[in-house]
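# fold the stuff below for me.
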Amino acid sequence: MILNNAKTSVNKLINTTLFLSLSLFGLSNTPIKIKSKIKKVVVYQLGAQIQRRANYTVTKGINKIYIESISPQIDANSIQINATGNIILLDSKYSVEYPVPELNNKKTNLIPIKIRKEIATLTDSIFEYSYKAMGIQFKMDVLKSEKRIIENNGTIKGSGKVNDSIPLLADAIEFYHQKMNKINFELLKLKKNKAVLNKTQNEMNVRLQSLNNYNQNNQLTQPTNEPPIYKITITVSAKENTSGRVNISYLVNSAGWVPQYDLRSKASNNTIDLTYKAQVYQNTGIKWNNVRLSLSTNNPYANKTKPDLQPWYVYYANNYNNQRLKEKSISYSADKKKSLAPQSVQIESLSTMNVDEEDYNEIEASTSVQFTKMIEQLISVEYAIDLPYTIESNNERYMVLVDSKTLKTNYKYYAVPKLDLSSYLVAQITDIDDLNILPGDATIFHDGAYLGTTYLNPTIMSDTMNLSLGKDPKVLLKRTLLKKESKQKVIGDKIIKTYAFRIEIKNHKNKVTKITVQDQIPITQNPEIEIEIVNLSKGKLNKITGIIEWDLKLKAKETKKIDIIYTVKYSKSQNINLASLK
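Numbers count the residues shown, from 1 in each chain. Purely as a prediction, here's the structure:
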């Protein structure tokens, strides 16, 4: 008796140990759901790289870790996982989990007979309704054909001989009226019947789809309003119970940024302050809440494959060889992706107000530029901003201040008095190759006044950019025709016309002013027309374009004069456009 009791106790102990072991083994394979948080976002011109962080705890064995709240715009090929802790990363994948419908019938998983009968009845009814709809359509087609025959009949159209017979014409009109009314009313009736039939058939299809879903899941369900769950599943192997941190990185589309600039200049110094801003947008389905932003000039969707030249064959230009050439020609086409970024959006410029310094003695507020670090990478530049930003997933533009630089600038005046008697102040910005900026719109301010907008394009093959700041009323110009020197004479079969102009430039400023004045002489490609220069006042002539330039330096209150005299010789039997020479 004692022996039997001992055996029973041992068996119970073994069963309990086995149960606990199996429970522990099963626990290590139970999916673990953990919460993650976006720590950093690198925003590209198109797209963004999301960096998430989460803490985990796993048991010994194989574990599956689920990370939810993932954007539906993810590029599954871009997922990168790294983790801390005594684990081995085995696998990671992106998936979508659709919500399970709520159960109506919780007592049984069997399909009620009533439901099965309804499915069969609906299937038969939809089958019959489809043929009824086809029958109605056949009748409508016949009536439409009959209508076209009547409308195209010569008697009805008035193109037959019936035009000479009033009684026959009256009979034709009465027949057309009666027959067309009958056809139209019959078509209207059939259209109404077909609409009712289609409505009923659609309702039956919806009901049948719902029943089929229930049939497929072997459960009686109700639809749910819960959205799909986008998640990343990470499979790890642990030799013991352990905890650690996991970092997840992936690329999403429906995000990006557009550059925007402010250019502020002062007449008192030879510099321009450039403020580099970014309009950041995202519509990834996930809010970026209190995250660190980095703006990259890289575009991950741009073509990364270099083009390769193929053999270039030359053939004789006959039909046979032309055909062979078309068959053998090889073309290279770079893959291009559509831009998800939207078109540039006009925003209200951020301008400063003119405030007297003595009114405020407080400490000047900091800007986000002080928290921005520029990182030059191999083929791009990244601006890391050490400030938290919140960007809603609504495709709206959020202004982010990126950088601020003081540019070396040479101020110079330009004038083209033939077209405009105003002088324009131009800022020549040098060393633009070192700015690391993208092409974009810029708002111009000079001495606190708003001047307008321009377009910065650092991709041009030049290290100097000319920026027009507007007119200056203190540098005046005048261009007049010198009538005494302008004359015309005829020598043989030729007419020789002399044109003479004088340009006066007056500097009303109290300091030395540099100005470049442009004018032009006519050019011709006709050898019968001869143009001779008499006086250009030491101006630099471009013989290809005919444009003349004078680089002048005017002292305060000084006036300088420039004379332009040239002759045009042409055949007196021909006419030329003399108005354009003035």
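# could you pull out the buried residues of the longest strand along the chain?
Selection of the longest strand in the chain by residue count, based on DSSP state E, yields strand 242-265. Buried residues in strand 242-265, counted by 16 or more other Cβ atoms under 10 Å: 242, 244, 246-248, 250-265. Where you see a C-beta, it was placed from the backbone N, CA and C, and this is true even at glycine.
# tell me what the helix or strand harbouring Val236 is packed against?
Using DSSP states H and E, Val236 maps to strand 229-238. The elements that strand 229-238 packs onto, with contact taken as 3 or more Cβ pairs under 8 Å, 6 or more residues apart in numbering; DSSP states H and E, are strand 61-67, strand 74-83, strand 87-97, strand 242-265.
# turn these into CSV, columns for distance to Arg207.
Converted to CSV, the helices and strands packed on strand 229-238 look like this (distance: least, Cβ to Cβ, whole Å):
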stretch, distance to Arg207
strand 61-67, 35
strand 74-83, 36
strand 87-97, 27
strand 242-265, 36
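# can you put those strands in CSV and add distance to Asn457 and mean pLDDT?
Output for these, formatted as CSV (distance: least, Cβ to Cβ, whole Å; pLDDT from 0 to 100):
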stretch, distance to Asn457, mean pLDDT
strand 61-67, 43, 92
strand 74-83, 31, 92
strand 87-97, 39, 90
strand 242-265, 11, 91
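# to Val206, which of the ones you listed lies closest?
Between Val206 and these, the shortest gap by Cβ to Cβ is with strand 87-97, which sits at 23.9 Å.
# where exactly do the helices run in the stretch 201-350 of the chain?
Remark: helices assigned in the stretch 201-350 of the chain by DSSP state H, counting those that start in this stretch are 319-328.
# low-confidence ranges in it?
214-225, 267-268, 304, 315-350 (pLDDT under 70).
# outline the domain layout of the protein.
113-222, 475-581 (automatic domain parsing).
# lowest average pLDDT across the ones you listed?
In terms of average pLDDT, domain 113-222 trails the rest of the domains of the chain, at a mean of 71.
# and it, how far out from the chain's middle?
Distance, stretch centre to chain centre, for domain 113-222: 46 Å (Cα atoms, centre = their mean, to the nearest Å).
# can you check stretch 403-415 too?
That offset, for stretch 403-415, works out to 31 Å (Cα atoms, centre = their mean).
# repeat for stretch 394-412
The answer for stretch 394-412 is 20 Å, by Cα atoms, centre = their mean.
# quick one: mean pLDDT for it?
Mean predicted lDDT for stretch 394-412 stands at 86.
# flag every buried residue along it.
Arg397, Tyr398, Val400, Leu401, Val402, Asp403, Ser404, Leu407, Thr409, Tyr411, Lys412.
# ok, back up a step: and the angle for the longest strand of the chain with strand 74-83?
Interaxial angle, strand 242-265 versus strand 74-83 (axes from the mean of the first three to the mean of the last three Cα atoms, to 10 degrees): 120 degrees.
# name the nearest of the buried residues of stretch 394-412 relative to Pro527.
Lys412 (38.8 Å).
# so who does that closest one touch?
Leu425, Val426, Gln428, Lys514, Ile515, Thr516 (Cβ atoms under 8 Å, 6 or more residues apart in numbering).
# what helix or strand does it sit in?
strand 398-416.
# now Glu151
Glu151 belongs to helix 113-152, assigned by DSSP H and E.
# which other helices and strands does that helix contact?
In terms of contacts (3+ Cβ pairs under 8 Å, 6+ apart), helix 113-152 is packed against helix 166-217.
# which positions in the helix holding Glu151 come out as buried?
Ile119, Leu122, Ile126, Tyr129, Ile136, Met140, Leu143, Ile150.
# including distance to Lys37, could those go into TSV?
Formatted as TSV, the buried residues of helix 113-152 follow (distance: Cβ to Cβ, whole Å):
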residue	distance to Lys37
Ile119	47
Leu122	49
Ile126	50
Tyr129	54
Ile136	60
Met140	62
Leu143	67
Ile150	74
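# out of the residues you listed, who's nearest Pro473?
Nearest member of the buried residues of helix 113-152 to Pro473, counting by Cβ to Cβ, is Met140, at 77.7 Å.
# list the contacts for the residue nearest to the closest one when sequence neighbours are not counted?
Closest residue to Met140 apart from its sequence neighbours, by Cβ to Cβ, 6 or more residues apart in numbering: Leu190 at 5.1 Å. Neighbouring residues of Leu190 by Cβ under 8 Å, 6+ apart: Ile136, Lys139, Met140, Leu143.
# gap between Leu190 and Ala133?
Counting by Cβ to Cβ, to the nearest Å, the gap from Leu190 to Ala133 is 11 Å.
# strands of the stretch 401-550 of the chain, residue ranges please.
Assignment of strands within the stretch 401-550 of the chain using DSSP state E, counting those that start in this stretch yields the ranges 420-430, 440-446, 449-456, 464-471, 475-481, 487-491, 494-507, 513-520, 530-535, 540-541, 547-554.
# what lines up beside the shortest one in the sheet?
Strand 540-541 has the following strand partners under DSSP bridges: strand 547-554 (antiparallel).
# now swap in the fifth one and tell me
Neighbouring strands of strand 475-481 in its sheet, by DSSP bridges, are strand 494-507 (antiparallel).
# dump the partner strand to CSV, restricted to CA.
Extracted as CSV, the C-alpha positions of strand 494-507 are listed here (Å, rounded to 0.1, in the frame of the first residue of the first chain):
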residue,chain,number,x,y,z
LYS,A,494,25.0,102.6,-101.3
ILE,A,495,23.3,104.4,-98.4
ILE,A,496,25.5,105.3,-95.4
LYS,A,497,23.7,106.2,-92.2
THR,A,498,25.6,107.4,-89.1
TYR,A,499,24.0,106.9,-85.7
ALA,A,500,25.4,108.8,-82.6
PHE,A,501,24.2,108.5,-79.0
ARG,A,502,25.4,109.9,-75.7
ILE,A,503,24.9,108.2,-72.3
GLU,A,504,25.2,110.4,-69.2
ILE,A,505,25.6,108.8,-65.7
LYS,A,506,25.3,110.9,-62.6
ASN,A,507,26.1,109.7,-59.1
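# that older thread, how big is the angle separating the longest strand of the chain from strand 87-97?
70 degrees.
# adjacent strands (with direction) for strand 242-265?
strand 46-58 (antiparallel), strand 74-83 (antiparallel), strand 271-282 (antiparallel), strand 440-446 (parallel).
# can you count the residues close to the residue nearest to Gly452 when sequence neighbours are not counted?
Distance criterion Cβ to Cβ, 6+ apart; nearest residue to Gly452, sequence neighbours excluded, is Ile444 at 5.9 Å. Number of residues near Ile444 (other Cβ atoms under 10 Å) recorded here: 22.
# if Ile444 is in a bridge, with which residues?
Leu263, Gly452.
# what strands flank the strand holding Lys412, and is each parallel or antiparallel?
strand 271-282 (antiparallel), strand 420-430 (antiparallel), strand 513-520 (parallel).
# just the CA trace of the last one, in CSV.
Included here for strand 513-520 are C-alpha records, laid out as CSV according to Å, rounded to 0.1, in the frame of the first residue of the first chain:
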residue,chain,number,x,y,z
THR,A,513,29.9,104.0,-56.8
LYS,A,514,30.9,101.2,-59.3
ILE,A,515,28.6,100.7,-62.2
THR,A,516,28.6,98.6,-65.4
VAL,A,517,26.7,100.2,-68.3
GLN,A,518,25.6,98.1,-71.3
ASP,A,519,24.5,99.1,-74.7
GLN,A,520,24.8,97.6,-78.2
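# can you pull the contacts of the residue nearest to Gly452?
Contacts of Ile444 by Cβ under 8 Å, 6+ apart are Leu263, Ser265, Tyr450, Leu451, Gly452, Thr453, Thr454, Leu467, Leu469.
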